[in-house]
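1. return a 3D structure for these sequence lines:
(one chain, ligands or ions: 3)
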Amino acid sequence: MHCIRRPARVSAVCHCCRKPSEEKELTWRPQFLPVDHPQVQSGKVGVLIVNLGTPDAPEPGPVRRYLAEFLSDRRVVEIPPIAWQPILRGIILNTRPRKSAHAYSQVWTDEGSPLAVITRNQAEAMQTALGSGVMVDWAMRYGTPSIGDRIEALMKAGCERILLAPLYPQYSGATTATVVDKAADKLRTMRWQAALRTLPPYHDDPAYIEALSSDLNRQLNGLDFQPEVMLLSFHGMPQRTLELGDPYHCHCRKTARLLEAVMARPGLRFRTTFQSRFGRAKWLEPATDAVIAEEAKAGTKRMVIAAPGFSADCLETLEELAMQGRDQFIDAGGDKFAALSCLNTSAAGLEMLEKLLRRELSGWIND
Ligand SMILES: C=CC1=C(C)c2cc3[nH]c(cc4nc(cc5[nH]c(cc1n2)c(C)c5CCC(=O)O)C(CCC(=O)O)=C4C)c(C)c3C=C
Ligand SMILES: [Fe+2]
Ligand SMILES: [Fe+2]
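-> Ligands and ions are numbered 1, 2, ... in the order given. Presented below is the predicted three-dimensional model:
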């Protein structure tokens, strides 16, 4: 019998051929084993939490590098590279980095970009929650730390099984799928691959809806005004992706419908909108900025906005919604405005995340 899988172990001894990895430990090596047997660590389970990515600094150079990688992903911009790359290199990367760097500088923290800081904190909290039987790490799809490097690190630490957890509740080709592609690119280079599981979209998972409902209700109860309308603003996508069969739009709509029902706040109107339009193509509608202005012009005085599709606060929520959104609302005649936080490391958010991860780890770890 060659090999029986054993519980998690990181050993200096290969548990298959029982070859000690350190030459000095070779007290009993049978004659037939090769002397150059590599060091082996095995039997562990890893979780890799992934989010979109962010520049390394709020300056034009790092933002340019980040945007170049992000916007060259063919799942993000579905224009043939022969047409797109000249526009990207010739126009966008010469104009947008300066503007975006300024926006980033308004939300940057002492510890770094909010998206990276919060994602790291979520991973640390999951390490504590799941215990030492699992190794939890985090990565970014674009920029650093990269998915490939962190998969390699988990495997070097002995993880033979990895749960890849893109923190996108709503699936889209431009987010969830490209994370899986990137992980597969890394595995493609390996002789001995880890077994991979992926966290499915959780847009309608009762644990996610409950977590959102309880955390948003908690934040609403702490406001010093009673909002008339609550916008549920999701990141936009080109309209064409919906027509091509991407489920993202349906997932967003379903999250919004379930959330509104569970939040049960009579007297509060809910509207679903799509933000962060990029480029000239038609994007999903209605657009968040248009609805903010339309509401204020129609006489709405008190508005709150939440972004249920973002697991962590980032440029798009802290600058675009909380800062620009407020200005748009007040300039158009509104009076009171609040942008609510994402689930981040709230108690409700972490409890939900632990539940989802434990479920997907089922059979790999003891409950
Ligand atoms: C939550 C899901 C996201 C989807 C869907 C999404 C699609 C998408 N985004 C762009 C272009 C940009 N997005 C940018 C920032 C950004 N996008 C998401 C999430 C989704 N994007 C996040 C979490 C962030 C914030 C990153 C951060 O560092 O805080 C940016 C960069 C910022 C800027 O220059 O404005 C761009 C550009 C496209 C084209 C797209 C769908 C096809
Ligand atoms: Fe985006
Ligand atoms: Fe649908």
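2. mind listing the helices for this protein?
-> Applying DSSP state H to the chain gives helices spanning 60-71, 81-87, 93-107, 114-130, 147-156, 178-187, 206-221, 239-243, 248-263, 288-297, 315, 326-331, 347-360.
3. including distance to Leu48 and mean neighbour count, could those go into CSV?
-> For glycine as for every other residue, the C-beta is placed from the backbone atoms N, C-alpha and C. What follows is the helices of the chain, written out as CSV (distance: least, C-beta to C-beta, whole Å; neighbours: other C-beta atoms under 10 Å):
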stretch, distance to Leu48, mean neighbour count
helix 60-71, 19, 18
helix 81-87, 28, 12
helix 93-107, 25, 16
helix 114-130, 9, 20
helix 147-156, 6, 19
helix 178-187, 8, 18
helix 206-221, 20, 18
helix 239-243, 26, 14
helix 248-263, 22, 19
helix 288-297, 31, 20
helix 315, 23, 21
helix 326-331, 36, 16
helix 347-360, 11, 19
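4. what's the closest of those to Ser42?
-> Ser42 sits nearest to helix 147-156 of all the helices of the chain, at 9.3 Å, using C-beta to C-beta.
5. who does the closest one touch, helix- and strand-wise?
-> If you count contacts as 3 or more C-beta pairs under 8 Å, 6 or more residues apart in numbering; DSSP states H and E, helix 147-156 packs onto strand 44-53, strand 134-142, strand 159-166, helix 178-187.
6. could you dump those to CSV with distance to Thr272?
-> Formatted as CSV, the helices and strands packed on helix 147-156 follow (distance: least, C-beta to C-beta, whole Å):
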stretch, distance to Thr272
strand 44-53, 21
strand 134-142, 25
strand 159-166, 22
helix 178-187, 24
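7. who's in contact with the residue nearest to Tyr168 when sequence neighbours are not counted?
-> Excluding its sequence neighbours, the residue lying closest to Tyr168 (C-beta to C-beta, 6 or more residues apart in numbering) is Thr175, at 4.5 Å. Thr175 sits next to Leu52, Arg141, Pro166, Tyr168 when contact means C-beta atoms under 8 Å, 6 or more residues apart in numbering.
8. shouldn't the second one be in contact with Ile49?
-> No. Applying C-beta atoms under 8 Å, one finds Arg141 not in contact with Ile49, separated by 11.6 Å.
9. list phi and psi for Ala307.
-> Ala307 adopts backbone torsions of phi -130, psi 80, taken as degrees, to the nearest 10.
10. and stretch 316-333, average pLDDT?
-> Stretch 316-333 carries an average pLDDT of 98.
11. and that stretch, end to end?
-> This stretch, stretch 316-333, spans 23 Å end to end (C-alpha to C-alpha, to the nearest Å).
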